[in-house]
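S.K.: Sequence plus the predicted model coming up.
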Amino acid sequence: MALKHLRDFNHKPLGQILLATLLFCFVFLALFTGLYKAGTVYIVKERTRRAVNLTALTGGAVYANGLQLVREANAAIMAFAYYDAAMVARAISEALLAPPPLDIAAVALAAEKADPDTRKPAQDIATKIFGVGTPKGVGLYPALIEGQAVVTAGENSLSKLPPFYVYNYETADDADVAVPNMALRFRYADEFLPNGNQAPYSLAHNGVRHYFEADQVEPAKNPRHPEQMRVKKSFDSEFAGWWVRREKGAEEGKGVNGLSSHNPFSGISNIGLLKNYLRQFKLDITDRDDPPCHTFSLLGNMKMKPEGEDKAIYEVGEVRVESDGIAAWSKNPFEIYLTRVNIDAFPVLRDSLRKLRGIPFIGDILKSSDILNGI
Amino acid sequence: MNLILFTNNKGQALAEMVLSIPLLFLLIAGIAQFAVLFLCYVQFEHACGEAARQYTARIVEKDSLGPAITDNLGYLGRYFDLASLSVKIQEPGGTADEVLDNVRNAISLIPFTINYDGAEWAVDINARPPFCFRPLFPHGIPFHTVLQVYRYPQ
């Protein structure tokens, strides 16, 4: 009955006008609401992006300050090391001046015994402060990086829990990425001797150098370093995607014929023994990787309530800290700059993505689409 | 004659059209200007972020963020009352920030240890609403944001 009245009313001009007005209002209300929601989300997204970038830059600034402190610590360690070397040299000279025949083992033993190792206390203190060799322990300074980043994230309105902070993820092992660290390790005396390998490209990780042929590398596509090469992403290696450095004497596209002529130690047949012996002399702090990798990244989020329920907008930010090194004699200032996050470099994703790329259909989609940064 | 004009049904559609078209245009303009308002807010947030980035790159200094924000507003600057821009350096906001500030100050007592510095800024500006929203906000729409960043070297 009521429906019949309504139908009759709608057949009259007044009813039709009312119906049209209602429809009109509904359409515009929907438009305004949609615009309001989209606009609000867009504002929160922009704020999140800004907050994440500023937090990453802050982390990078503290990180760079830490690396400068490492340089200063290295100056102290190397001063002790020079004293130790002088003591060892004196002991060796006494052994060498002994009447013939020359006893190499006795010389080595004399050097070992004469090493006062005055650098050890400085190395121990540096380990505690900078967390050298993390993940064995978190250093005080990496904790400061994390603390400063957490506070800055809070001040920039990012949610306290998470953001997730990630350290040097490109060259870190699995879960170690989450442990505050500055990708540091101690250098040993044997590392000053060159290796006999003839490949044109190499990288070092945890003190072990790995070599790559010219057909195993590709341009790193880094706008700041157009010449930089990396291990091919498609190469079946745990180092796929890692940056490499060109060996001295290597010619572009030609391999390294004649590299050995640049190696003054190439004539020593048992260089391995010498290297093993020198391995016991721990020296200054150096980068965990060569080329060095010092990155600080975070996954931050900002909460919003578009329809009364909590929603989070996530953004990723990353900074890279670069210089000419962290040795005591390095002088160049540190550069801190924002980079585009290379999401497939995360250790946990690396293996699975390599497998996915192997499947022709999915591999093509990954290459041609924008998902995962268009890897 | 006049009576015939007002009692004839033939002009009804035209009269409805004349009445409804301005309303329709007003609504469309309202939607467009509503979008412009959001765009202004996003641009304001973006400009603040860019200015802070310029601070970290040592292009601007801690106390001269204002002109950098104005520059970064770009062509949308005309929707803002630039004279109302206020950039205030804030003291540490929370307890954690204060504690960390004290830690940093304590470490910096050792020379050459702490060489990074930064600030927290509170930025306020009034947006000039487009004409549809001007009666609603005669004094402009206040935008506010807070941002913090540190840079190295100090």
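M.R.: Arrived safely, thanks for sending.

S.K.: So for stretch A:108-124, mean pLDDT?
M.R.: Mean pLDDT, stretch A:108-124: 87.

S.K.: mind checking the end-to-end distance for that stretch?
M.R.: Stretch A:108-124 stretches 25 Å from its first residue to its last (C-alpha to C-alpha, to the nearest Å).

S.K.: wait, what's in contact with the residue of the stretch 151-300 of chain A found nearest chain B?
M.R.: Nearest residue of the stretch 151-300 of chain A to chain B (C-beta to the nearest C-beta) works out as A:Glu155 at 4.0 Å. Every residue, glycine included, has its C-beta placed from N, CA and C. Neighbour list for A:Glu155: B:Gly93, B:Gly94, B:Asp97, B:Glu120, B:Val146, B:Leu147, B:Gln148 [criterion: C-beta atoms under 8 Å, 6 or more residues apart in numbering or on different chains].

S.K.: doesn't the third one fall inside a helix?
M.R.: Which is B:Asp97. Yes - B:Asp97: assigned to a helix according to DSSP: H, G, I helix; E, B strand; the rest coil.

S.K.: Skip the chain neighbours and tell me the closest residue to it.
M.R.: A:Val151 (4.9 Å; C-beta to C-beta, 6 or more residues apart in numbering or on different chains).

S.K.: Now the element after whatever helix or strand A:Gly15 lives in, going C-ward?
M.R.: Using DSSP states H and E, the element containing A:Gly15 is helix A:13-96. Following helix A:13-96 in sequence order, the next helix or strand is helix A:104-114 (DSSP H and E).

S.K.: On the pLDDT front, check the residue most central in space within chain B for me.
M.R.: Centroid-nearest residue in chain B: B:Phe44, 3.5 Å away (criterion: C-alpha atoms, centre = their mean). B:Phe44 carries a pLDDT value of 95.

S.K.: Check the one 3 residues further on too.
M.R.: For B:Ala47, the model assigns a pLDDT of 96.

S.K.: my read: it touches B:Leu73, true?
M.R.: Yes - B:Ala47 lies in contact with B:Leu73 (C-beta atoms under 8 Å); the separation is 4.8 Å.

S.K.: where does chain B come near chain A, residue by residue?
M.R.: Residues of chain B lying close to chain A by C-beta under 8 Å from any C-beta of the partner chain are B:27, B:30-31, B:34-35, B:37-38, B:41-42, B:45-46, B:48-49, B:52-53, B:56, B:93-94, B:96-97, B:100, B:103-104, B:107, B:112-116, B:118, B:120, B:145-153.

S.K.: For A:Phe80, give me its contacts.
M.R.: Per C-beta under 8 Å, 6+ apart, neighbours of A:Phe80: A:Thr118, A:Arg119, A:Ala122.

S.K.: ok, the last one - how many residues close by?
M.R.: A:Ala122 is surrounded by 18 other residues when neighbours are defined as other C-beta atoms under 10 Å in any protein chain shown.

S.K.: helix or strand for it, which one?
M.R.: helix A:119-130.

S.K.: do that helix and chain B meet?
M.R.: No - counting by C-beta under 8 Å from any C-beta, chain B is not contacted by helix A:119-130; separation bottoms out at 10.3 Å.

S.K.: what does stretch A:332-340 give?
M.R.: Yes - legend: contact between stretch A:332-340 and chain B by C-beta under 8 Å from any C-beta is shown at A:Pro333, A:Phe334, A:Ile336, A:Leu338.

S.K.: tally of neighbours for the closest residue to the third one other than its chain neighbours?
M.R.: Yep, that's A:Ile336 we're talking about. Leaving aside its sequence neighbours, A:Ile336 sits nearest to A:Gly60 (C-beta to C-beta, 6+ apart; 4.0 Å). Using other C-beta under 10 Å, A:Gly60 has 31 neighbouring residues.

S.K.: show me the contacts for A:Gly60.
M.R.: Taking C-beta under 8 Å, 6+ apart as the test, what A:Gly60 contacts is A:Phe296, A:Val319, A:Arg320, A:Val321, A:Ile336, B:Tyr152.

S.K.: ok, 6 Å please
M.R.: Residues in contact with A:Gly60, defined by C-beta atoms under 6 Å, 6 or more residues apart in numbering or on different chains, are A:Phe296, A:Val319, A:Val321, A:Ile336.

S.K.: how about a markdown table for these, with secondary structure, pLDDT and neighbour count added?
M.R.: Output for the contacts of A:Gly60, formatted as a markdown table (DSSP: H, G, I helix; E, B strand; the rest coil; pLDDT from 0 to 100; neighbours: other C-beta atoms under 10 Å in any protein chain shown):
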| residue | secondary structure | pLDDT | neighbour count |
| --- | --- | --- | --- |
| A:Phe296 | strand | 94 | 30 |
| A:Val319 | strand | 94 | 26 |
| A:Val321 | strand | 94 | 26 |
| A:Ile336 | strand | 93 | 26 |
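
S.K.: which two in those residues are spaced the farthest apart?
M.R.: A:Phe296 and A:Ile336 (9.0 Å; C-beta to C-beta).

S.K.: who touches both of those two?
M.R.: Jointly contacting A:Phe296 and A:Ile336 under the rule C-beta under 6 Å, 6+ apart are A:Gly60, A:Val319.

S.K.: In JSON lines, list the residues of stretch A:332-340 next to chain B along with secondary structure.
M.R.: Compiled in JSON lines, these are given as follows (three-state DSSP):
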{"residue": "A:Pro333", "secondary structure": "coil"}
{"residue": "A:Phe334", "secondary structure": "coil"}
{"residue": "A:Ile336", "secondary structure": "strand"}
{"residue": "A:Leu338", "secondary structure": "strand"}
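
S.K.: need those residues in a markdown table with distance to A:Ala143, can you?
M.R.: Shown next, in a markdown table, are these (distance: C-beta to C-beta, whole Å):
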| residue | distance to A:Ala143 |
| --- | --- |
| A:Pro333 | 25 |
| A:Phe334 | 20 |
| A:Ile336 | 20 |
| A:Leu338 | 24 |
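
S.K.: So what's the residue count around residue 74?
M.R.: Looking at chain A here, since you left the chain open. A:Asn74 has 24 nearby residues by other C-beta under 10 Å.

S.K.: oops, chain B please
M.R.: 12.

S.K.: would you say it is within a strand?
M.R.: No - membership of B:Gly74 in a strand is not supported by three-state DSSP, which gives helix.

S.K.: Show me which residues of chain A sit near chain B.
M.R.: A:28, A:31, A:35, A:39, A:42-43, A:46-47, A:50, A:54, A:57-58, A:61-62, A:64-65, A:147, A:151-152, A:155-156 (C-beta under 6 Å from any C-beta of the partner chain).

S.K.: can you state the direction angle for whichever helix in chain B runs longest and helix A:13-96?
M.R.: Looking across chain B with DSSP state H, the single longest helix is helix B:12-56. For helix B:12-56 against helix A:13-96, the angle by axes from the mean of the first three to the mean of the last three C-alpha atoms, to 10 degrees is 10 degrees.

S.K.: How far off centre is helix B:12-56?
M.R.: Centre-to-centre, helix B:12-56 and its host chain are 14 Å apart (C-alpha atoms, centre = their mean, to the nearest Å).
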